[in-house]
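[1] Build me a model:
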Amino acid sequence: MSTDLAIVKDSNFFSDLKELTKMRLAISVVFSSIAGYFLGAENLSLLTIFLLAVGGYAMVGASNAYNQIIERDLDKKMKRTQNRPIPAGRFSVNQSFLIASLLTLLGIGLLFVINPKTALFGAVSIFIYVSLYTPLKTKTPLSVFVGAFPGAIPFMLGWVAATGEFSIEAGTLFMIQFFWQFPHFWALGWWLYNDYKKGGFFMLPTGKRDSSTALQIVLYTVWTLLVSLLPVTGFTGDLQLSYLGGGIVLILGLVMLYHAIQLYKQRSEKAAKKLMLASVSYITLIQIVYVADKFIRAWV
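    Numbering: from 1, shown residues only. This next block holds a predicted model:
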């Protein structure tokens, strides 16, 4: 009987740990980093991929844990966050801080083994996310702009891990994920507007679900698409994309743009949710297209 209870207790602990580190979000970030690594690497190293995956997860998990520590009182006010480990009382603040600190040290250490620049960008990401983005979320809509910087690091972090350099290629990958975050988070902010309002968060550029916000979502979706097509031009160094790959990225971008326009027309939570889901599909699929295109061009 005691053994069964111990298993249940451990199971709950790891379940809460996954929620504290936002496992699904962290995995998506790791996916972006590995995609960037595949794009930048001349020869793939399983050790580097392992270090990047574990180190990247640790860094993102630490950022999310610090974020939940800071926002624990606000999380209690929102339906979607009130059952998180800290506001629900399953994790104490001290316990969560210890976990976040250990993850920070682990993440920086593993990324440093890859190369110092990778570790530096990882550390900068945590600092901006926790020290700037998190406190600004309750003060100004510009928090999304600030948060877009650490959010744009993962895709280019993989390139830096592969090459040890921040160059035009890494900068392009950064720009893609940077611009993408505006329609993504504004769509999320529109969809969950009422819940965010309970927590006092300012997610939308005008603070309201109005035509100006909807128009900005459309414009930033266009910018995201255009930046994603830059590698087709040949002006982005070793980061290249064939016409076929560019055509696929264009189609994916037009699908996302369609949903952005629908949000502008309908201004509904349903349309915002569809755009948010379309944006997640877009960033994932274009990363797959970029990587597949590189290896197909190498084989042909």
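[2] For the rest of this, base every contact and every neighbour count on C-alpha atoms.
    Fine.
[3] What are the buried residues along stretch 31-43?
    Using 16 or more other CA atoms under 10 Å as the test for burial, stretch 31-43 gives 31-40.
[4] ah, wrong one, I meant stretch 137-156
    For stretch 137-156, by 16+ other CA under 10 Å, it's 137-138, 140-144, 146-156.
[5] and stretch 15-25, what's its mean pLDDT?
    In this model, stretch 15-25 carries a mean pLDDT of 94.
[6] swap that for stretch 235-253, please
    97.
[7] List of residues touching it?
    39-40, 168-169, 172, 221, 225, 228-234, 282, 285-286, 289-290, 293-294, 297 (CA atoms under 8 Å, 6 or more residues apart in numbering).
[8] which of those count as buried?
    Among those, those buried by neighbour count (16+ other CA under 10 Å) are 39-40, 169, 172, 221, 225, 228-232, 282, 286, 289-290, 293-294.
[9] What about those, which are in helices?
    39-40, 169, 172, 221, 225, 228, 282, 286, 289-290, 293-294 (DSSP state H).
[10] Closest one of those to Ser125?
    Ser125 has its nearest neighbour among these in Thr172, at 17.4 Å by CA to CA.
[11] ok, and the spatially closest residue to Ile261 that is not a sequence neighbour, which helix or strand is that part of?
    Counting by CA to CA, 6 or more residues apart in numbering, Val218 is the residue found nearest to Ile261 once chain neighbours are left out, at 6.2 Å. Taking DSSP states H and E as the definition, Val218 sits inside helix 211-228.
[12] next one: that helix to chain centre, how far?
    18 Å (CA atoms, centre = their mean, to the nearest Å).
[13] which strands and helices sit next to it?
    helix 168-191, helix 243-266 (3 or more CA pairs under 8 Å, 6 or more residues apart in numbering; DSSP states H and E).
[14] Convert the last one to CSV, retaining C-alpha atoms only.
    In this case it means helix 243-266. The C-alpha trace of helix 243-266 is given here as CSV (Å, rounded to 0.1, in the frame of the first residue of the first chain):
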residue,chain,number,x,y,z
TYR,A,243,12.0,28.0,-55.1
LEU,A,244,10.1,24.8,-54.3
GLY,A,245,10.7,25.3,-50.6
GLY,A,246,9.8,29.0,-50.9
GLY,A,247,6.6,28.1,-52.7
ILE,A,248,5.6,25.8,-49.8
VAL,A,249,6.5,28.5,-47.2
LEU,A,250,4.4,31.0,-49.3
ILE,A,251,1.4,28.7,-49.2
LEU,A,252,1.7,28.1,-45.5
GLY,A,253,2.0,31.9,-45.0
LEU,A,254,-1.0,32.6,-47.1
VAL,A,255,-3.0,30.2,-44.9
MET,A,256,-1.9,32.1,-41.8
LEU,A,257,-2.7,35.4,-43.5
TYR,A,258,-6.2,34.2,-44.4
HIS,A,259,-6.9,33.5,-40.8
ALA,A,260,-5.5,36.9,-39.8
ILE,A,261,-7.8,38.6,-42.3
GLN,A,262,-10.7,36.6,-41.0
LEU,A,263,-10.0,37.9,-37.5
TYR,A,264,-10.0,41.4,-38.9
LYS,A,265,-13.4,40.8,-40.5
GLN,A,266,-15.0,38.9,-37.7
